[in-house]
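Peer 1: The sequence isn't on hand, but the structure is:
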């Protein structure tokens, strides 16, 4: 059975892993947009990326535009 200190450390570890995966996801969403790679914008792509990410189109647009960054400002302390 885990001690309280072990549980707290596990929570810290999992939070760190979550932050890293969220940052990776946000980079991938940003880079998925053709216009962020210097290519012409693709009609309907925002909706496809939103569906794949299970985020709203508005939130994905903010990620695409660099207005939202992954990390502790998204709900952490």
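Peer 2: All right, it came through fine. Just so we're clear, the structure is a prediction, and the values are computed from it rather than from any experiment.

Peer 1: Quick check: next helix or strand after the host helix or strand of residue 13?
Peer 2: Following DSSP states H and E, one finds residue 13 within helix 4-32. Using DSSP H and E, the next helix or strand after helix 4-32 towards the C-terminus is helix 45-53.

Peer 1: quick one: that following helix to helix 4-32, angle?
Peer 2: If you take axes from the mean of the first three to the mean of the last three Cα atoms, to 10 degrees, helix 45-53 sits at 160 degrees to helix 4-32.

Peer 1: hmm, back to that, who does the helix holding residue 13 touch, helix- and strand-wise?
Peer 2: Counting contacts by 3 or more Cβ pairs under 8 Å, 6 or more residues apart in numbering; DSSP states H and E, helix 4-32 is packed against helix 45-53, helix 57-64. (C-beta placed from N, C-alpha, C; glycine too.)

Peer 1: what residue ranges in the protein score low on pLDDT?
Peer 2: The chain contains residues with pLDDT under 70 at 71-77.

Peer 1: Identify the residues contacting residue 26.
Peer 2: 63, 68-70 (Cβ atoms under 8 Å, 6 or more residues apart in numbering).

Peer 1: so which of the helices and strands packed on helix 4-32 gets nearest residue 39?
Peer 2: helix 45-53 (10.7 Å; Cβ to Cβ).
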